[in-house]
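Chemist: I'd like to go over a predicted model; first the sequence, then the structure.
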Amino acid sequence: MNKFTLRITRISLVALLAIFMVSGFAQGPKAHLSNINPTVTHSQIVAWGQAGHNVHTSTIVLSFEGLGDLDQISQFYNGGTSGSGYSGTNFGVYFSSNTLALIDQDAGGTGNIANEPSPSTGMFFLDGDAAIMNVTAGFTNGFSFYYSANSVGSVSVYDGLDGTGNVLASLTLPLNYDINCTGDPNGAYCHWDAIGVSFTGTAKSVSFAGVQDYVVFDDVTFGKSTPGFGGINLTQTTASGPVGVSHTVKATVTDNSGAGIAGKLVTFKVLSGPNTGTLGTATTDVNGEASLTYTGTTMGVDDIQACTTPTTNSALICSNELNYEWTVVTNVPTMSQWGLIFLGVILLSVGTVYILRSRNSDIAV
């Protein structure tokens, strides 16, 4: 083999290696420990499911507790059952057949996971290159979750079922599974990142893509860009109003149990629009709610958001974004204007009577 041939061979090997890596084929530990048998019991799984039902809050979070190890999630959240016959809260959510639950090995499952956000169960897939989640009624505003990955993955939100229609939002999931892990020492997938996105429109399905057995998800959350019950959510009673009339927005700050957090300073701001900038601050009450009222002076659409720091050492988190349109002022007379009009009519009437009387007096003379 001459030097030229050897060089070409080396280049080819490098190219093949690059293609292998770009193709997404991961190496290293997998999420599922195929060499062990699960020991978790039926009663344990049922108990976890009962504790994990979040009927006490309007936020929908899929914690996957109550599902068996390597259990097809299927209709578990859709009024039906999982592949193993378990049932959860009916949120109108169902999954493709390759989407499975994975229980932490420490809890009696086969999951190579640790420090999961809501122990002890997560979601992953063993077949295909993506898992599909469908939401028949649809959901709006935002979508979020925790993930741990030993391979780059992606998540896409669609306005049609089964990953069809328009892409409303998409996220890339960098490799992160073993970054600075502390706490639970058992489980290679020991680091989890919270990730989410806000969007406009109504979403009806989500595709969780990556290399099979190399990405695990937990606390899949609807309606906001921060996962779990905890976070900050922004609401308003109307989406438009005239310039010069005040508008109120309300932020609700909650912990991971769904309870409101009192005493939190919330900053309200307009990201874009005629009132761009910080609007002001307010402190949450005993229900975790803080409101701010402001008045627009120019027509246009404000993109409003609220931010806070849930705990002393946590990072700043921000709410979903809301749009409010300031419209043209309707020229309806105010009470003071009506008063002026009424006064003018009276003066005109008095003046007319005076003139008529004066004229009659002159004729009589």
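Modeler: Sure, I can see it.

Chemist: C-alpha only now, for contacts and for neighbours.
Modeler: Noted.

Chemist: tell me who's in contact with residue 88.
Modeler: By C-alpha atoms under 8 Å, 6 or more residues apart in numbering, residue 88 lies in contact with 49, 53, 66, 76, 77, 78, 79, 81.

Chemist: now it. Its backbone dihedrals?
Modeler: Taking degrees, to the nearest 10, you get phi -120, psi -170 for the backbone angles of residue 88.

Chemist: how near is it to residue 123?
Modeler: Residue 88 is 15 Å from residue 123, where distance means C-alpha to C-alpha, to the nearest Å.

Chemist: likewise residue 328?
Modeler: 50 Å.

Chemist: do the same with residue 221
Modeler: Plainly put, residue 221 is 13 Å away from residue 123 if you go by C-alpha to C-alpha.

Chemist: likewise for residue 227?
Modeler: For residue 227, the distance to residue 123 (C-alpha to C-alpha) stands at 15 Å.

Chemist: and if you look at residue 300?
Modeler: Separation of residue 300 from residue 123 (C-alpha to C-alpha): 43 Å.

Chemist: have a look at these two and say which one is more surrounded.
Modeler: Higher neighbour count among residue 300 and residue 123: residue 123, with 27 against 18, using other C-alpha atoms under 10 Å.

Chemist: ramachandran angles for the more buried one?
Modeler: Dihedral pair for residue 123: phi -120, psi 140, per degrees, to the nearest 10.

Chemist: common neighbours of residue 221 and residue 123, please.
Modeler: With C-alpha under 8 Å, 6+ apart, residue 221 and residue 123 have no common neighbours.

Chemist: what about the spatially most central residue of the chain, distance to residue 132?
Modeler: With distances taken as C-alpha atoms, centre = their mean, residue 224 lies nearest the centre of the chain, 2.3 Å away. Using C-alpha to C-alpha, residue 224 is found at 19 Å from residue 132.

Chemist: which parts of the stretch 51-200 of the chain are helices?
Modeler: Applying DSSP state H, counting those that start in this stretch to the stretch 51-200 of the chain gives no helices.

Chemist: what number of residues lie near residue 299?
Modeler: For residue 299, the neighbour count with other C-alpha under 10 Å is 18.

Chemist: quick one: contacts for it?
Modeler: By C-alpha under 8 Å, 6+ apart, the contact list for residue 299 reads 243, 274, 325, 326, 327, 328.

Chemist: between those residues, which sits nearest residue 154?
Modeler: Nearest to residue 154 among the contacts of residue 299 is residue 325, at 33.7 Å by C-alpha to C-alpha.

Chemist: ok so that closest one is a strand residue?
Modeler: Yes - counting by DSSP: H, G, I helix; E, B strand; the rest coil, residue 325 falls inside a strand.

Chemist: need the contact list for it.
Modeler: By C-alpha under 8 Å, 6+ apart, residue 325 lies in contact with 239, 240, 241, 299, 300, 301, 302.

Chemist: now tabulate these in JSON lines and tack on secondary structure.
Modeler: Output for those, formatted as JSON lines (three-state DSSP):
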{"residue": "239", "secondary structure": "coil"}
{"residue": "240", "secondary structure": "strand"}
{"residue": "241", "secondary structure": "strand"}
{"residue": "299", "secondary structure": "coil"}
{"residue": "300", "secondary structure": "strand"}
{"residue": "301", "secondary structure": "strand"}
{"residue": "302", "secondary structure": "strand"}
